[in-house]
Every structure is written in structure tokens, then in C-alpha cells.
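Peer 1: no sequence on hand, only this structure:
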């Protein structure tokens, strides 16, 4: 009986001794072999391709119902969201670098990655001979995912900047449309695609928007429906720089809704474009007063109205006295 007990004690002592020897060896290892912070590269550390982002709205929304013969427009926006993402990633890498020892394995590689991503490339769209809007296509996407050109006219509206340089914080937009839609009735899925232009050599497309074309409206609309049409007409005329269209829409809205904002704004802009500064000032001032009256708790200023009012007042004050 004593022999098995003695054997067990010897085994335990041997195991314990081996454990103590292993722990002693670990303790004696040089400090550089202990656990270290390492500059490990992750998948998200790889720099992203700098490509333009394209957005699309129809009548200032993601979906719209438009009757034949009434205003229809598409607003195409472009920006460099990829560059902004790179700057955000660089900030995260910077925070990791701050926690790493100077001699950490992989630190130099991570530092180079930070330098690259903290200054992402710009994207230039368009050139002196070819505005970037010439590279924009509006396409109908069918149920199978195939894309086809629009089967109704939607020319460029207004005068967008022909050449733009998109950094992380710059965006640009352009509008395409018509004051009287001539599309066949039905529901359309529309996408905007940007082809090669300037330094951009590729193709980037927006998410689709939904457009429903309805039959022409009756000759006489209910007041609320007529106001919608008149507001759209004024909005389109404002984009197009059409003084006559602005005046017509503005006077209709004022007659239907004396306390509104858009009517006085559109009429004021029409008068401003026609060189009638004093009359335009009166309309803009009325529009701003109505804006504040309708939104008493809204602290956001009406920037467009304030800019127009200040510009006209400055012009009046600078006129030579007679």
C-alpha cells in the first residue's frame, strides 16, 4: 500500500517541478519577447478607391407623382464621399498609432497608410470644352434590371458650374427637366449615371427614384391641387432663371394664399431679375415676415431671403444721390 502512495507523490513532485521550471524559463526570457502591441493591418485599413458618389431626386424627392403637362425635373448631385471616408479612416489609424510603441512591428507600414489616407485624391469633373453635365445620363431601369434612355425630353436646366473639383467636403448638383412633362403615363424607376469626364474614368450610378406619370389634369383644378402645380412651376422657373415664369407663378400663389411665402419669394425674384430692386425688396421683406410668422419657433434663418434683402439694401445705399 505504501509503494503506490509513494509513486503518486513522486509523480506530483515531478509535474510540479516541471511547471516551476517552465515558469522560471518564461520569467528569464528577454523583455522584447513578451506580449507587445502590434500594428496589425485589418481589411478596413486598405485604402478605398476614390470614386464619385451620385445622388438623384425627382421634383426634390425620392418619389413623385407628376401629371402630363406639369413641371418635372431631376436633380443630380455628385460628391466625393469616398474621400471623406478615407479621412475618417485616417483619424482612426492616428488613434491606433498614438497607442503603439515607436518600435512596434508594422508601425512604419501603418504610418505610411495613415499618410496616404489623410490626403485622399480629388476628383475633377468636366473641362473647359466639355462640362461635367454632358457625362450625366438619366436612364429608365426595367423590372429585369436593364437600363434604357429616357423616352421623354429632360434637358439641362439653369447654368450649373461646368468644371468642379470634388474634395472630401465639396459637392455639386445640376437639374434636368421641363416645365411641361411629356412622358407616357406609367411608373418609372429612374437612375442617374455619371460617365467619363475630367479626371474621372469610369461609371458611377445613383440609387433609383420612382416617378409616376399621370394623365393630364383637368382644365380646372381644386385650389389645393392648383397650388401644388403653381409651386412646382415657380420652383422650376427659379432653377431655370425664368423671370416670366417666376412672376406668373408668384402672382397666382399670392392671389390664392395671401399669407404664404413662396408667392412673394417668386415674385420678388422675378422683379429682382427684371431690375426692379425697390419692388423686389418689398416682396422679399413680406416673404420673410410670413416665414417668421408661420414658424415662430424656428430659429433657422431664411438664408436666401436674407441674402437678397441685404444685397438690394446695399445696392440702394451705394447709389449716387441725385
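Peer 2: Alright, I've got the coordinates. Keep in mind it's a predicted model, so treat the numbers as computed, not measured.
Peer 1: tell me how many other residues surround residue 185.
Peer 2: Neighbours of residue 185 under the rule other Cβ atoms under 10 Å: 11. Just so you know, the C-beta spots here come from the backbone N, C-alpha and C atoms, and that holds for glycine as well.
Peer 1: state the distance from it to residue 130.
Peer 2: The gap separating residue 185 from residue 130 is 35 Å, by Cβ to Cβ, to the nearest Å.
Peer 1: again with residue 146
Peer 2: Applying Cβ to Cβ, the value for residue 146 to residue 130 is 28 Å.
Peer 1: ok, residue 210 next?
Peer 2: Note on residue 210: its distance to residue 130, by Cβ to Cβ, is 31 Å.
Peer 1: same question for residue 149.
Peer 2: For residue 149, the distance to residue 130 - Cβ to Cβ - is 19 Å.
Peer 1: ok, the two, which is more surrounded?
Peer 2: Higher neighbour count among residue 149 and residue 130: residue 130, with 15 against 9, using other Cβ under 10 Å.
Peer 1: so where's this protein shaky on pLDDT?
Peer 2: Counting by pLDDT under 70, the chain shows low-confidence ranges at 1-47, 298-301, 321-322.
Peer 1: all strands in it, in order from the N-terminus.
Peer 2: Assigned by DSSP state E, the strands in the chain fall at 53-58, 63-67, 72-79, 123-125, 136-141, 147-149, 156-157, 164-166, 171-178, 186-194, 204-205, 209-214.
Peer 1: tell me which strands the third one pairs with, and in which orientation.
Peer 2: With DSSP bridges as the test, strand 72-79 is paired with strand 53-58 (antiparallel), strand 171-178 (antiparallel).
Peer 1: for the last one, same thing?
Peer 2: Each strand that strand 209-214 pairs with, and the sense of that pairing, follows from DSSP bridges: strand 63-67 (parallel), strand 186-194 (antiparallel).
Peer 1: just how off-centre is that strand within its chain?
Peer 2: Relative to the chain's own centre, strand 209-214 is displaced by 22 Å; criterion: Cα atoms, centre = their mean, to the nearest Å.
Peer 1: got the angle between it and strand 136-141?
Peer 2: Orientation of strand 209-214 against strand 136-141 (axes from the mean of the first three to the mean of the last three Cα atoms, to 10 degrees) gives an angle of 70 degrees.
Peer 1: and what of the longest one?
Peer 2: Here strand 186-194 runs at an angle of 140 degrees relative to strand 136-141 (the same axes, to 10 degrees).
Peer 1: tell me which residues are up against strand 186-194.
Peer 2: With contact meaning Cβ atoms under 8 Å, 6 or more residues apart in numbering, strand 186-194 is reached by 52, 54-56, 58, 74, 76, 78, 125, 132, 135-142, 147, 150, 200, 203-213.
Peer 1: in PyMOL, select just the buried ones from these.
Peer 2: A single PyMOL command selects the buried members of these (16 or more other Cβ atoms under 10 Å):
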select buried, resi 52+54+55+56+58+74+76+78+125+132+135+136+137+138+139+140+150+200+205+206+208+209+211+213
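Peer 1: and of the strands paired with strand 209-214, who's closest to residue 277?
Peer 2: Residue 277 lies closest to strand 63-67 among the strands paired with strand 209-214, at 35.0 Å (Cβ to Cβ).
Peer 1: gap between the two ends of stretch 133-148?
Peer 2: In stretch 133-148, first residue to last residue: 18 Å (Cα to Cα, to the nearest Å).
Peer 1: between the strands paired with strand 209-214, which gets nearest to residue 180?
Peer 2: Closest to residue 180 of the strands paired with strand 209-214 is strand 63-67 (Cβ to Cβ; 9.9 Å).
Peer 1: the closest one: which residues count as buried?
Peer 2: For strand 63-67, the neighbour count (16+ other Cβ under 10 Å) marks 64, 66-67 as buried.
Peer 1: which residues sit against it?
Peer 2: Contact with strand 63-67 is made by 58-59, 72, 181, 183, 209-217, 229, as judged by Cβ under 8 Å, 6+ apart.
Peer 1: again, only this time at 10 Å
Peer 2: With Cβ atoms under 10 Å, 6 or more residues apart in numbering as the test, strand 63-67 has contacts from 57-59, 72-74, 177, 180-181, 183, 185, 187, 189, 208-218, 221, 225, 228-229, 232.
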